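Trainee: below are the sequence and a predicted model for it; my questions follow.
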Amino acid sequence: MAGIGFQLARTAREGGVGGIVGAAAFGAVISAGPWLITAIAMAMLNRWSAAHLGSDAARTVQTILVYSFSLSALAAAPVGILATRLVADRIFARDAGGVSGIMLVALAAGGGFALAIGTVTFGLLGQLPLAQAVLATLILAWLTQIWIAAPLLTALRRYRAIPLAYLAGIALAALLLAVLPGPGVIMVLAVIAAGIATTLAAVMYVVRRHFSAAPVLPDRTAMAPRLAQIVAAAGVLGVVAIWIDKWQLWFGPASIPTIGLLRLNPINDQGSFLGLLTMVPGLTLLLIVTETRFDRAFEGMIVRCTGTSTLQRIEEARGDVARAMLDGLRILVLAQALVAAFAWVFAVPLFEAIGADARAIFAFRQTSLGTVFHLVVIATTVVLAYYDLFGRIVLTWLAFAIGSAIATLLQWDIGFAAFGWGYMAGAVVGASVGLALVAEATVNLTYLLFVGNNPSVVGHGGRFL
């Protein structure tokens, strides 16, 4: 993603005010475009369902979509992060056939995981009728495959293709819902599945058109098993950290039964989702400024380490890396804290304008404040990925998840006024752990590069911490 940041930063520098605005808008589309498009589409679908479906049918559709979205992220996490790492290696080696082979295996594995999860969730726990359970499981599986395949388009520098693919699927679904007379739950689920399939087909068409060579399946030596396990765990825990308080509160105060044994917490879900959307400016800044500056400084140190520089010059480069990281974090925290402050102050008129439940304001405010620390966690995991210390990424996300789960339980009986506190507390814990691990690694970075995390010394599986 740093390569995208370089282009956007150049646009901002050379384009004046218009360039700055354009870079910011384009950065938002790249970093969170699908998320924003999905949020708007979900809001529109909820309004449509309330007007055209009965309350029970609308709740069924909403429950299927919420569970599909969260569980697809979980199913895709271990496969997607491994596939992205392997694909990056194959792109660097200019092996188009290897990329196609990795994607085929990843899509099959992710789809298989999702089908198993969907069968249990919608068939056994949700006790849905067969047709509804099948369609819900297909929605989950295809969403999982989109999670896995879509990041490849940024590697191809086809940045516009991702939001366009989402818009194509949403447009098809909206058109079908507009022309179909009196659709029921099964028809609505079929339309949603068709829209998601359209998005997936569009993404895969672009990927396959670029990597047109015959697929070559990856062999067992593509990644050391130990490293693969650590990377996959990092992906899973990253999703768990974000969702664990929501999963807990589906069975907590103000939660309601929806279908079968499945439940939702509409107050917390609404406020948390809106609160997480305030992260978009920070994600854009992380893409354009923070990671770009760090990438440039880290590359300078690697050049000195692989050249004929003295230890003094290498240590000077290490100092540049530390300064770039601190400057980037400072800008990121200040900007996102300003966004969180606006969200906190203007929460009431915002909820009145969109007609949302006023009780969700607490979750919205606490979540928007938590995004400040969440972005610090993301920034620290990016740095640790540069350092090839994926075990520390696992520890950072694990601290986030445990902190969030414990804080949610401690506030369990308070009610909706405490919604969002678990997420915020987990983000604070995760940010603290991540900063400590990054600081220790940066102080010892020269040693890590030459000895402590050198594959010729510690093996291709790398070190855990």
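Mentor: Cool, got the structure.
Trainee: okay, and for the stretch 151-300 of the chain, where does confidence drop off?
Mentor: Where the stretch 151-300 of the chain drops to pLDDT under 70, the residues are 153-159.
Trainee: for it, just list every one of the helices.
Mentor: For the stretch 151-300 of the chain, applying DSSP state H, counting those that start in this stretch gives helices covering 151-155, 161-179, 185-210, 225-249, 266-277, 280-285, 291-305.
Trainee: any idea which of those helices gets closest to Gly118?
Mentor: Nearest to Gly118 among those is helix 185-210 (11.8 Å), distances taken as CB to CB. Placement of C-beta: from N, CA and C, glycine included.
Trainee: how far does that closest one sit from the chain's center?
Mentor: From the chain centre to the centre of helix 185-210 is a distance of 20 Å (CA atoms, centre = their mean, to the nearest Å).
Trainee: that helix to helix 161-179, inter-axis angle?
Mentor: Between helix 185-210 and helix 161-179, the angle comes out at 150 degrees (axes from the mean of the first three to the mean of the last three CA atoms, to 10 degrees).
Trainee: report the buried residues of helix 185-210.
Mentor: For helix 185-210, burial by neighbour count (16 or more other CB atoms under 10 Å) applies to 185, 188-193, 195-200, 202-204, 206-207, 210.
Trainee: rewinding a little: so which of the helices of the stretch 151-300 of the chain comes closest to Val377?
Mentor: Nearest to Val377, of all the helices of the stretch 151-300 of the chain, is helix 225-249, at 7.8 Å by CB to CB.
Trainee: how is the chain partitioned into domains?
Mentor: 2-223, 271-452 (automatic domain parsing).
Trainee: rebuild these as JSON lines, extending it with distance to Arg463.
Mentor: Shown next, in JSON lines, are the domains of the chain (distance: least, CB to CB, whole Å):
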{"stretch": "domain 2-223", "distance to Arg463": "15"}
{"stretch": "domain 271-452", "distance to Arg463": "7"}
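Trainee: so which of those gets nearest Leu237?
Mentor: It is, among the domains of the chain and with distance given as CB to CB, domain 271-452, at 3.7 Å.
Trainee: now do the buried residues in stretch 432-444.
Mentor: Of the residues in stretch 432-444, Ser432, Val433, Gly434, Leu435, Leu437, Val438, Ala441, Thr442 count as buried by neighbour count, 16+ other CB under 10 Å.
Trainee: mean confidence for the helix or strand where the last one lies?
Mentor: Same thing as Thr442. In this structure, Thr442 sits in helix 421-443 according to DSSP states H and E. Mean pLDDT, helix 421-443: 96.
Trainee: also stretch 383-392?
Mentor: 92.
Trainee: burial measure for the residue lying closest to Thr367 once chain neighbours are set aside, as a count.
Mentor: Once flanking residues are discounted, Thr367 sits nearest to Gly275: 2.7 Å by CB to CB, 6 or more residues apart in numbering. Residues lying near Gly275 (other CB atoms under 10 Å) number 27.
Trainee: same question for Leu135.
Mentor: Counted with other CB under 10 Å, Leu135 comes out at 23.
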